[in-house]
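Chemist: Quick check, what structure comes out for this input:
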Amino acid sequence: MRELFEEASGASPLDPQELVRRGTRTPRRKRFYAKAGIVETMGGFAVTLDDKPIRTPSGRQEVVPARAIADAIAAEWDGQKELIEPLTMPMTRFANSVVEAVVDRVEAVREDMAKYFETDLLFYRAGHPEALVAREAAHWDPLLFWA
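Modeler: Coordinates of the predicted model:
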C-alpha cells in the first residue's frame with residue numbers, strides 16, 4: 001500500500017517529470033587534462049588541453065580569430081574542477097556553434113544577417129532627451145565604427 005503513496009508523491013521512478021529531467025541532463029565527464037594552453041595556428045588561435053587542440057562535438061578543431069577569445073576559452077577550461085560542466089563555458093559553446101554552423105557557410109549567414117539590419121535599433125536613434133541621445137552615442141557609435 002505504501003508504494004501507492006510514493007507513486008502519487010512523485011517519488012516513483014515512473015514519474016514522468018523525473019524521467020524528463022533525467023533525459024535532459026547533460027552527461028558530465030571527469031576532467032581528463034592538467035592544463036589548458038593556447039597555440040597560434042594557421043587562421044587564428046587554438047586552445048589546447050595538455051598540448052592537444054580542443055575539438056567541437058563533431059570532431060572539428062576549434063580555431064578562433066583573436067587571442068583574447070582564446071584566452072577566455074582557455075580560462076573556462078582551466079576553471080573546471082573535478083567534472084567538466086559545459087553550462088559554465090559559454091565562450092566554448094559559442095565558438096563550437098560558430099565552427100559547426102558558420103565557418104563553412106559564411107556568405108549565407110552574412111546574407112541572412114543583412115536581411116535584419118534595417119530593423120536593428122542601432123539605426124533608430126532617439127532625437128531627445130539629450131541625455132538619451134548622448135548615452136546612445138556613447139554606447140552604439142563605437143560598435144558602428146568598428147563594424
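Chemist: what's the closest non-adjacent residue to Ala46?
Modeler: Excluding its sequence neighbours, the residue lying closest to Ala46 (CB to CB, 6 or more residues apart in numbering) is Pro53, at 4.5 Å. From N, CA and C alone the C-beta is placed, and that goes for glycine too.
Chemist: for Tyr33, that is, sorry about that
Modeler: The nearest residue in space to Tyr33 (CB to CB, 6+ apart) is Leu49, at 3.8 Å.
Chemist: what's across from the one you found in the sheet?
Modeler: Using DSSP bridges, the beta-bridge partners of Leu49 come out as Ala36, Lys52.
Chemist: what pLDDT, on average, does stretch 52-67 get?
Modeler: Taken as a whole, stretch 52-67 has a mean pLDDT of 95.
Chemist: Got the phi and psi for Arg55?
Modeler: As for Arg55, its main-chain torsions (degrees, to the nearest 10) stand at phi -130, psi 160.
Chemist: again with the one 4 residues further on
Modeler: With angles defined as degrees, to the nearest 10, Gly59 sits at phi 100, psi 0.
Chemist: what's the neighbour count on it?
Modeler: Counted with other CB atoms under 10 Å, residues neighbouring Gly59 total 6.
Chemist: Could you do Asp78 as well?
Modeler: Close neighbours of Asp78, defined as other CB under 10 Å, add up to 14.
Chemist: got the contact list for it?
Modeler: Counting by CB atoms under 8 Å, 6 or more residues apart in numbering, Asp78 touches 35-36.
Chemist: circling back to that earlier point, tell me, how many neighbours does the residue nearest to Tyr33 end up with?
Modeler: Residues near Leu49, counting by other CB under 10 Å: 19.
Chemist: so what's it up against?
Modeler: 32-33, 35-37, 77.
Chemist: what's the least confident helix or strand in the protein, going by average pLDDT?
Modeler: helix 2-8 (a mean of 56; mean pLDDT, DSSP states H and E).
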